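> my questions concern the predicted model and sequence given below.
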Amino acid sequence: MLMDIKIPAVKMRDITKRFGPVVANDKVWLDIYRGEILSLLGENGSGKTTLMNMLSGIYFPDEGTIEIDGKEVVIKSPKDALNLGIGMVHQHFKLVDVMTAAENIILGLPGKKDIKAACAKIKEICDRYGFDVDPNEKIYNMSVSQKQTVEIVKVLYRGAEILILDEPTAVLTPQESDKLFAVMRNMRDDGKAIVIITHKMHEVEDVSDRVAILRKGQFVGDMLTASTNAEEMTNMMVGHAVHLNIERPEPVNSVPRMEIKDLTVRSIEGVVKLDNVSFTLNSGEILGIAGISGCGQKELLEAIAGLQRTEKGSISYINDDGSHEELIGKDPLAIQNLGVTLSFVPEDRLGMGLVANMDLSDNMMLRSFRKGRSFFTDRKAPRTLAENIVKELEVVTPGVTTPVRRLSGGNVQKVLVGREIASAPKVLLTAYAVRGLDVNSSYVIYDLLNKQKQAGVGIIYVGEDLDVLLELSDRILVLCGGKVSGIIDGRSADKRQVGLMMTKLGGEANEE
Ligand SMILES: Nc1ncnc2c1ncn2[C@@H]1O[C@H](COP(=O)(O)OP(=O)(O)O)[C@@H](O)[C@H]1O
Ligand SMILES: [Mg+2]
């Protein structure tokens with residue numbers, strides 16, 4: 001008998017998944033073993049969730065094969081996945097608020113609903129792994145951590161042997177994370193295969209036995225956690241610098257435009273999201289924000305735009321005459337009415353940015369336009385503007401009267417960026433402006449931003465791609481766990497150095 005050859009519980013081979021022009025997974029190989037906690041590590045957008053969604057039956061691969069315990073399988077639905085013993089806990093919970101934990105756990109299962117028997121089985125699972133959940137408690141009475149526990153118990157109840165947790169600690173306090181790690185270890189010791197998706201280095205080191213790393217949709221390697229270290233993992237996550245040939249004109253006549261001091265933001269759950277952040281934004285520059293997802297980029301932009309409650313600090317806008325205006329305490333509209341034009345391209349392009357059922361012209365009208373320098377010098381009517389955007393940005397649409405929801409994601413993005421620019425801002429905040437765009441469209445957006453910069457706009461650019469940040473930004477502010485871990489010159493920045501600053505504050509372990 002070949003006793004010591006371990007057959008993987010899951011063997012993924014050459015898995016490719018495309019979303020339009022985006023290759024989310026590119027010939028990925030991955031092995032998952034029983035009795036092991038595997039960290040799936042990678043930057044935001046590297047394809048971790050997509051890969052796991054193909055195991056849990058949410059997506060179907062375009063190419064490649066999946067084997068479970070050595071047998072090739074086809075997973076077409078979450079039900080197929082559960083029949084194979086695969087259960088996934090997603091980032092967004094899918095619980096029914098008005099029902100109890102037990103009712104949620106047995107929801108949709110065949111057979112007669114026997115709450116008493118269900119509660120007994122739930123209790124058995126909880127005792128076995130150390131979960132703390134009251135089966136009779138309604139979901140709306142629960143903390144985020146308790147809801148997550150219900151989600152995990154739910155998949156265990158359904159017989160999951162291979163358990164995938166997608167960034168489970170993103171919503172937890174450090175104490176709650178430790179509790180989660182303890183039950184994960186119990187499940188592993190019970191022989192289950194556990195995958196934790198994360199981009200936090202210290203979590204990989206704390207909880208996992210093995211780590212597999214994805215970069216831009218590709219598998220770059222896996223190793224035993226004990227045999228690697230944060231620096232090696234960071235290097236693998238970030239990779240070598242790739243030359244993109246993005247233009248970077250020199251800033252001219254730069255003057256301070258916005259001064260941020262000791263900005264502190266706390267989430268509703270009480271987690272510190274921004275911790276005494278201080279920096280200055282100049283006119284005519286692109287300030288790139290680097291950091292792993294969840295390090296506070298979103299809160300920073302929202303705080304400046306007046307969309308985020310702040311706990312401490314100041315955001316001071318500096319007028320052309322040198323006078324200062326405090327932005328904290330003003331609502332978004334008041335910020336605009338003051339003559340402080342902040343433009344915001346949200347992460348969720350169809351969420352708050354555009355109205356899907358309205359056509360392009362009407363979406364243009366959602367913005368009030370101010371006089372000023374603009375790439376779109378013509379500011380006659382929203383319709384003209386819409387036509388200009390369609391033309392300049394090469395938006396693929398039958399016409400400006402087509403509802404925005406009928407456009408592809410990339411084209412929606414162009415409209416969004418175009419509209420923000422058309423409002424002739426002094427400060428332009430952009431987050432994920434090129435997310436989901438093909439290469440050519442991305443360059444169109446970089447050109448637009450550069451033109452704005454040359455017109456004197458101070459731009460804060462939050463992006464997922466370090467290579468882009470390194471070529472586009474005049475300066476790069478690196479955030480790590482809500483703190484500024486450094487502000488460096490974009491022209492001389494080294495990719496590895498930025499990568500390390502993203503994961504470790506000032507070179508020291510970041511305990512958050
Ligand atoms: N449903 C989707 N439609 C279009 N693009 C998607 C979809 N899901 C993911 N993507 C894209 O695929 C890439 C990988 O995304 P994802 O798997 O969510 O990364 P991660 O989980 O590592 O942050 C990203 O470029 C993302 O924008
Ligand atoms: Mg993800």
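Sure thing, it's come through. Ligands and ions are numbered 1, 2, ... in the order given.
> who's in contact with residue 231?
By CB atoms under 8 Å, 6 or more residues apart in numbering, the contact set of residue 231 is residue 500. For the C-beta atoms, the positions are set from N, CA and C on the backbone; glycine is no exception.
> confirm that it sits in a strand.
No - looking at residue 231 with DSSP: H, G, I helix; E, B strand; the rest coil, it is helix, so not inside a strand.
> measure it to residue 139 for me?
As judged by CB to CB, to the nearest Å, residue 231 and residue 139 stand 42 Å apart.
> how about residue 63?
Distance, residue 63 to residue 139, using CB to CB: 39 Å.
> those two: which is more packed in?
residue 139 (18 against 13; other CB atoms under 10 Å).
> right, and that one touches residue 100 too?
Yes - counting by CB atoms under 8 Å, residue 100 is a contact partner of residue 139 at 7.4 Å.
> residues in contact with the residue lying closest to residue 134 once chain neighbours are set aside?
Nearest in space to residue 134, with sequence neighbours left out and distances taken as CB to CB, 6 or more residues apart in numbering, is residue 101 at 6.6 Å. The contact partners of residue 101, by CB under 8 Å, 6+ apart, come to 122, 133-137, 139, 142, 150, 153.
> buried among those residues? Need that as a selection in PyMOL.
In PyMOL, a selection of the buried entries from the contacts of residue 101 looks like this (16 or more other CB atoms under 10 Å):
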select buried, resi 122+133+134+135+139+142+150+153
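> and the pLDDT at residue 108?
Note on residue 108: pLDDT of 86.
> how many neighbours does residue 79 have?
For residue 79, the neighbour count with other CB under 10 Å is 12.
> what sits closest to it if chain neighbours are left out?
Excluding the flanking residues, the one nearest residue 79 by CB to CB, 6+ apart is residue 57, at 7.0 Å.
> from ligand 1, how far out is that neighbour?
Going from residue 57 to ligand 1 by CB to the nearest ligand atom, to the nearest Å gives 15 Å.
> that residue and residue 76 touch, don't they?
Yes - the criterion here is CB under 8 Å, and residue 57 meets it with residue 76 at 6.4 Å.
> identify the residues contacting the closest residue to residue 23 other than its chain neighbours.
Leaving aside its sequence neighbours, residue 23 sits nearest to residue 217 (CB to CB, 6+ apart; 5.3 Å). Residue 217 sits next to 23-26, 28, 46-47 when contact means CB under 8 Å, 6+ apart.
> any chance of those in a markdown table, plus pLDDT?
Converted to a markdown table, those look like this (pLDDT from 0 to 100):
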| residue | pLDDT |
| --- | --- |
| 23 | 91 |
| 24 | 94 |
| 25 | 97 |
| 26 | 97 |
| 28 | 98 |
| 46 | 89 |
| 47 | 93 |
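> just the ones in strands from these, please.
Members of the contacts of residue 217 lying in strands (criterion: DSSP state E): 23-26, 28.
> could you pick out which of those residues are near ligand 1?
Among the ones in strands among the contacts of residue 217, the ones lying near ligand 1 by CB under 6 Å from any ligand atom are residue 24.
> need the contact partners of the helix or strand harbouring residue 40.
Under the criterion of DSSP states H and E, residue 40 resides in strand 36-41. Strand 36-41 has contacts (CB under 8 Å, 6+ apart) with 30, 32, 48, 51-52, 184-185, 188, 193-199, 201, 203-204, 207-214, 222, 225, 233, 237.
> that one close to ligand 1?
No - residues of strand 36-41 contacting ligand 1 under CB under 6 Å from any ligand atom: none, with a closest distance of 8.3 Å.
> tell me the helix or strand right after that strand.
Downstream of strand 36-41, the next assigned helix or strand under DSSP H and E is helix 48-55.
> do that next one and ligand 1 meet?
Yes - judged by CB under 6 Å from any ligand atom, helix 48-55 and ligand 1 are in contact via 48-50.
> spell out which parts of the stretch 1-150 of the chain neighbour ligand 1.
Counting by CB under 6 Å from any ligand atom, the stretch 1-150 of the chain sits next to ligand 1 at 19, 22, 24, 42, 44-50.
> which one of those sits closest to residue 90?
Minimum distance to residue 90 across these is 8.3 Å, recorded for residue 49 (CB to CB).
> how deep is that closest one tucked in, by neighbour count?
Neighbours of residue 49 (other CB under 10 Å): 22.
> for residue 262, same thing?
12.
> and for residue 439?
9.
> per-residue pLDDT, the closest residue to it other than its chain neighbours?
Using CB to CB, 6+ apart and skipping the chain neighbours, the partner closest in space to residue 439 is residue 21 (8.0 Å). If you check residue 21, the pLDDT there is 79.
> where do the helices of the stretch 301-450 of the chain begin and end?
Secondary structure of the stretch 301-450 of the chain (DSSP state H, counting those that start in this stretch): helices located at 332-337, 360-365, 382-392, 409-422, 439-454.
> tell me which of these sits most buried.
helix 409-422 (a mean of 24; mean count of other CB atoms under 10 Å).
> what's the mean pLDDT across that one?
71.
> so which elements touch it?
Judged by 3 or more CB pairs under 8 Å, 6 or more residues apart in numbering; DSSP states H and E, helix 409-422 is in contact with strand 342-345, helix 360-365, helix 382-392, strand 427-431, helix 439-454.
> circling back: can I get the contacts of residue 217 in CSV with neighbour count and distance to residue 111?
Below are the contacts of residue 217 laid out as CSV (neighbours: other CB atoms under 10 Å; distance: CB to CB, whole Å):
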residue, neighbour count, distance to residue 111
23, 17, 42
24, 24, 37
25, 29, 37
26, 17, 42
28, 23, 37
46, 23, 41
47, 24, 38
